[in-house]
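**Q** Turn this into a model:
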Amino acid sequence: MALAGRLLHFGMGLSATHIRDAARHDRLLLLVAMAHTLLTLLGAASEASGLDRTLKANTVKKRTHSLYRQGLYWYHCIPTMREECLRRLVDAFDRIVRGHAFFSHFFEAK
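**A** As a prediction, this is how the structure comes out:
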């Protein structure tokens, strides 16, 4: 399946867009892929910090929401989060992003 077909399959809505410039289209897809990956890493940070326990019943031992869905939830919660929870989440996110090969190079300060 072609990349555009896969993105449409996963709900990216490319059939509703009309971008003539192929380079602009590619930049947009790169940004979408980066955003999706960062949200997934934020979900992994919620599991690493223990915040994922608030998203599931206490009797469940395995993940009930995908890492992407958890990341999306916590991203929306950031403005109203308590300071200590936000600090745990951001510290775990920082550790995970620094350990990720692409993003550690991409965000490297010079």
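**Q** Which helix or strand in this structure has the lowest average pLDDT?
**A** helix 3-9 (a mean of 48; mean pLDDT, DSSP states H and E).
**Q** That one: what's the following helix or strand?
**A** helix 22-49 (DSSP states H and E).
**Q** Contacts for the next helix or strand after that next one next, please.
**A** As assigned by DSSP H and E, the chain's next helix or strand after helix 22-49 is helix 67-77. By C-beta atoms under 8 Å, 6 or more residues apart in numbering, the residues outside helix 67-77 that reach it are 36, 38-47, 51-52, 55, 65, 89. For glycine as for every other residue, the C-beta is placed from the backbone atoms N, C-alpha and C.
**Q** go on, stretch 39-56?
**A** With C-beta under 8 Å, 6+ apart, stretch 39-56 has contacts from 63-75, 85, 88-89, 91-93, 95-97, 100, 103.
**Q** Please repeat the previous calculation with a cut-off of 10 Å.
**A** Under the criterion C-beta atoms under 10 Å, 6 or more residues apart in numbering, residues 60, 62-75, 77-78, 81, 85-97, 99-100, 103 lie in contact with stretch 39-56.
**Q** Weed out the non-buried ones from these.
**A** Among the contacts of stretch 39-56, those classed as buried by 16 or more other C-beta atoms under 10 Å are 67-68, 70-74, 85-86, 88-89, 92-93, 96-97, 100, 103.
**Q** Narrow the contacts of helix 67-77 to those that are buried.
**A** Buried, going by 16+ other C-beta under 10 Å: 38-47, 51-52, 55, 89, out of the contacts of helix 67-77.
**Q** Lowest pLDDT pick from those?
**A** The pLDDT minimum for the buried ones among the contacts of helix 67-77 sits at residue 55, where the score is 82.
**Q** most distant residue from the middle of the protein?
**A** Within the chain, the residue lying farthest from the chain centre (C-alpha atoms, centre = their mean) is residue 20, at 27.9 Å.
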